[in-house]
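[1] Coordinates for the following, if possible.
(2 chains)
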Amino acid sequence: MMFRIENLHVHYGLSHVIQGISIEARPGEIVGIFGRNGVGKTTLMKTIAGWVGPSGGEISLDGTRLDGLAPDRICRHGVGFVPEDRRIFPGLSVEENLKLGLMQRSGRSRAEEKAEIDLIYDRMPRLAERRRQAGTTLSGGEQQMLAMARVMVGRPQLALIDEPSEGLAPMIVADIFAIIKEMKASGAIVLLVEQNVNGALAVADRFYAIERGAVVLAGDAKDSADKARLMDAIAV
Amino acid sequence: MTDVFEYIQFVLAPQMITGLALGVAVVLVAIGLTIIFGLLDVINMAHGEFYAVGAYVALALGTSGVSFWLLLIIVPLIMIPIGYIVERGLIQRVFNMPDRHVTTLLLTFGLGLVVEEALKVVFGPNTQRPATPIPGAIEVMGIILPTYRLFLIAVGFAIVAAVAIVVNKTRLGALVRAAAFDRNMAASLGVPVSLVFAGTFAFGVALAGLAGVLLAPIYSVFPTMGRDFVFLAFTVVIVGGMGSISGAVVAGLLITQVQAISSLIVSPVWSDPIVFSIMVLVLVVRPQGLFGRLGHA
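    Modelled structure (predicted):
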């Protein structure tokens, strides 16, 4: 299984936001996407998830073209999306939010679905304690946990995670990164957009740096020279 | 003191019960309207005509011998594919246009006119009144109450309760609420949003049709019945909060009581201006209505 983006272009009206991005990732790999604000990282994630239509190029997972498909069909091809602003449904309880995540994979029995939810509650006991509460009454960290958990119950082949540490306390950030590593261990491809570059590099295998809608650098997250070039490229 | 009791017993209470029956009737029409607005963000100007279609289908089938009780099941089942086709064939075609609100409003307004004129052509312009399915009246504490109105109140509350349970307590309802709040996120979790949209629109249309069956014996059947009734339903939806089921129920019962009681105090011709003034006041003071939208906390 391989995730591949080839020569992707995205326009917002006259604005050419993504200008020919090509990236690839393999199972069990965390790939960091870095760059300054406004360079197109979130647009890239939204385009893969189907929220934004590409104006050119190809997106494929395991040989299946995803570009041009509706978000629900992309999801059913094994793509999970944790967006930047978490998008917890305020009218739904924690458990209802989680159960919605079960829609990502059909064909599971009620018992299997319950077991999947119980696994999440074992891993994130705070969510279990608050299962009946409205999702938006949770703290920022708990909401991020819920957003991640909601995707995890679908066991995606490709997880798109956009700015998971934004505005969170360091202890919670460590837990979030631990969860991302668990996703990788389960064999998923993780595409991680993150402003906390050092934190992300600690868990990532490879990275791409984006500038003005194009990849300007690709490197190994464990290689000191590559990391130094990354810091120069994104000027952090 | 006796005069006060007699006024309550023979004037106020019957008037309030008549208002309650009308309130339940308006809620039945408004609830489909508000669900469609809450989920699709579409102001369905043809909703009244779907209510009229339900009444006419019931009239036609009733005339050919189908029992009223069977109509309560058959008519909504007939309305579901009609609603589904309208959503898929018309609403979805313009749904992603930048000026969606205006386009869908005009589109459904036009559809309503087409349906109204078609009803005139097929069934004629005259008013028709189906037989009351449950004739007679019962006396409660000295007040004579038409049996069918009491039945309507009971069935109306049961339907509203059933809809509230489905929307608020089931997984299907959770899908609807999630899609109403954030269609992209819901879709990215695998919710088939376009199917949910079409299904919910069809459900709203079926509710309008069911209201048509239930209300025809009281308010009669005529081609413009939808237009007349839907103004009150729109008022209820706006006052209750566009997209709120509980808002539609509270506002529907409140507004019809205001209408009923005010007509005892001032001339009944003023009851409509009073009710529509409440809508204007709510839009100015609390534009979001009394309650929140579907899918919002």
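[2] Compute the number of surrounding residues for B:L77.
    10 (other CB atoms under 10 Å in any protein chain shown). All C-beta atoms are positioned from the backbone trio N, CA, C, and that covers glycine.
[3] Endpoint to endpoint, stretch A:82-91 covers what distance?
    19 Å (CA to CA, to the nearest Å).
[4] now check that stretch, is it near chain B?
    Yes - contact of stretch A:82-91 with chain B (CB under 8 Å from any CB of the partner chain) involves A:83, A:87, A:89-91.
[5] what's the helix or strand for the residue of the stretch 1-150 of chain B found nearest chain A?
    Residue nearest to chain A within the stretch 1-150 of chain B (CB to the nearest CB): B:G38, separated by 10.1 Å. Using DSSP states H and E, the element containing B:G38 is helix B:13-40.
[6] Based on its surroundings, how many neighbours for the closest residue to B:H47 other than its chain neighbours?
    Leaving aside its chain neighbours, B:H47 sits nearest to B:L33 (4.8 Å; criterion: CB to CB, 6 or more residues apart in numbering or on different chains). Applying other CB under 10 Å, we find 28 other residues in the vicinity of B:L33.
[7] Filter the residues of stretch A:82-91 next to chain B down to the buried ones, ChimeraX style.
    In ChimeraX syntax, the buried subset of the residues of stretch A:82-91 next to chain B is picked out as below (16 or more other CB atoms under 10 Å in any protein chain shown):
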select /A:83,87,89,90,91
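[8] Get me the contact residues on chain A for chain B.
    Residues of chain A lying near chain B (CB under 8 Å from any CB): A:49-51, A:70-72, A:74-76, A:79-81, A:83, A:87, A:89-92, A:96, A:99-101, A:103-106, A:134, A:136, A:150-151, A:154.
[9] In helices, which of these appear?
    Residues of the residues of chain A next to chain B located in helices (DSSP state H): A:49, A:71-72, A:74-76, A:96, A:99-101, A:150-151.
[10] Which one (most neighbours) among those?
    A:R150 (30 neighbours).
[11] and the residue lying closest to that residue once chain neighbours are set aside, what is it in contact with?
    Excluding its sequence neighbours, the residue lying closest to A:R150 (CB to CB, 6+ apart) is A:G101, at 3.9 Å. By CB atoms under 8 Å, 6 or more residues apart in numbering or on different chains, the contact set of A:G101 is A:149-154, B:189-190.
[12] Just put these in TSV and tack on distance to A:I180 and pLDDT.
    Shown next, in TSV, are those (distance: CB to CB, whole Å; pLDDT from 0 to 100):
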residue	distance to A:I180	pLDDT
A:A149	12	94
A:R150	15	94
A:V151	11	93
A:M152	10	92
A:V153	16	92
A:G154	16	90
B:L189	19	94
B:G190	21	93
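[13] Any chance of the residues you listed in CSV with distance to A:G32 as columns?
    Listed next are those as CSV, based on distance: CB to CB, whole Å:
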residue, distance to A:G32
A:A149, 22
A:R150, 22
A:V151, 18
A:M152, 19
A:V153, 24
A:G154, 22
B:L189, 24
B:G190, 26
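[14] Are any of those residues buried, and if so which?
    So, by 16+ other CB under 10 Å, the buried ones in the contacts of A:G101 are A:149-154, B:189-190.
[15] which of those residues lies closest to B:L254?
    Each of those was scored against B:L254 by CB to CB, and B:L189 proved nearest at 37.0 Å.
[16] From B:D182, how far off is the closest one?
    10 Å (CB to CB, to the nearest Å).
[17] same check, this time on B:E139
    On the measure of CB to CB, B:E139 and B:D182 end up 53 Å apart.
[18] Neighbour count for the two, which is higher?
    Legend: neighbour count by other CB under 10 Å for B:E139 and B:D182, higher for B:D182 (18 against 8).
[19] if I read this right, the more buried one contacts A:D85, doesn't it?
    No - using CB atoms under 8 Å, B:D182 is not in contact with A:D85; the gap is 10.0 Å.
[20] if I look at these two, which residues touch both of them?
    Counting by CB under 8 Å, 6+ apart, B:D182 and A:D85 have no common neighbour.
[21] and the one helix or strand B:R93 maps to, anywhere near chain A?
    Element membership for B:R93 (DSSP H and E) is helix B:92-95. No - shown here: helix B:92-95 not in contact with chain A (CB under 8 Å from any CB), separated by at least 12.1 Å.
[22] Determine the set of other helices and strands touching the longest helix seen in chain A.
    Once chain A is assigned using DSSP H, the helix that runs over the most residues is helix A:170-185. Here helix A:170-185 touches strand A:30-34, helix A:140-152, strand A:158-162, strand A:189-193, helix A:197-203, going by 3 or more CB pairs under 8 Å, 6 or more residues apart in numbering or on different chains; DSSP states H and E.
[23] hmm, 6 Å instead?
    Packed against helix A:170-185 by the contact rule (3 or more CB pairs under 6 Å, 6 or more residues apart in numbering or on different chains; DSSP states H and E) you find strand A:189-193, helix A:197-203.
[24] Please report how far A:A128 lies from A:D118.
    Applying CB to CB, the value for A:A128 to A:D118 is 9 Å.
[25] which of the two has more neighbours?
    Legend: neighbour count by other CB under 10 Å for A:A128 and A:D118, higher for A:A128 (15 against 11).
[26] Wait, that one touches A:Y121, no?
    Yes - using CB atoms under 6 Å, A:A128 is in contact with A:Y121, at 3.6 Å.
[27] list the contacts for B:R129?
    B:S220 (CB atoms under 6 Å, 6 or more residues apart in numbering or on different chains).
[28] Repeat that for A:K184.
    Residues near A:K184 by CB under 6 Å, 6+ apart: A:28, A:30, A:190.
[29] thinking again about what came up before, would you mind giving the residues of stretch A:82-91 next to chain B as TSV with distance to A:A202 added?
    Listed next are the residues of stretch A:82-91 next to chain B as TSV, based on distance: CB to CB, whole Å:
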residue	distance to A:A202
A:P83	23
A:R87	26
A:F89	32
A:P90	33
A:G91	37
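[30] Take the residues of stretch A:82-91 next to chain B and keep only those in strands.
    If you go by DSSP state E, these have nothing in strands.
[31] For stretch A:116-134, give me every contacting residue.
    A:93-95, A:98, A:142, A:145, A:149, A:153, B:297.
[32] switch the cut-off to 10 Å
    Applying CB atoms under 10 Å, 6 or more residues apart in numbering or on different chains, the contact partners of stretch A:116-134 are A:88-99, A:101-102, A:105, A:108, A:135, A:137-139, A:141-142, A:145-146, A:148-150, A:152-155, A:175, A:178-179, A:182, B:297.
[33] CA atoms only for the longest helix of chain A, dumped as PDB, please.
    In PDB, the C-alpha atoms belonging to helix A:170-185 read as follows (Å, rounded to 0.1, in the frame of the first residue of the first chain):
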ATOM      1  CA  PRO A 170       3.000  20.100  27.100                       C
ATOM      2  CA  MET A 171       1.800  17.000  29.000                       C
ATOM      3  CA  ILE A 172      -1.200  16.700  26.700                       C
ATOM      4  CA  VAL A 173       1.000  17.300  23.600                       C
ATOM      5  CA  ALA A 174       3.200  14.400  24.700                       C
ATOM      6  CA  ASP A 175       0.100  12.100  25.000                       C
ATOM      7  CA  ILE A 176      -1.100  13.300  21.600                       C
ATOM      8  CA  PHE A 177       2.300  12.400  20.000                       C
ATOM      9  CA  ALA A 178       2.200   9.000  21.800                       C
ATOM     10  CA  ILE A 179      -1.200   8.300  20.200                       C
ATOM     11  CA  ILE A 180       0.200   9.300  16.800                       C
ATOM     12  CA  LYS A 181       3.100   6.800  17.300                       C
ATOM     13  CA  GLU A 182       0.500   4.100  18.200                       C
ATOM     14  CA  MET A 183      -1.200   4.800  14.900                       C
ATOM     15  CA  LYS A 184       2.100   4.300  13.100                       C
ATOM     16  CA  ALA A 185       2.700   1.100  15.000                       C
END
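[34] what packs against the helix or strand where A:G219 lies?
    Per DSSP H and E: A:G219 is located in strand A:214-220. Counting contacts by 3 or more CB pairs under 10 Å, 6 or more residues apart in numbering or on different chains; DSSP states H and E, strand A:214-220 packs against strand A:15-25, strand A:30-34, strand A:206-211, helix A:224-234.
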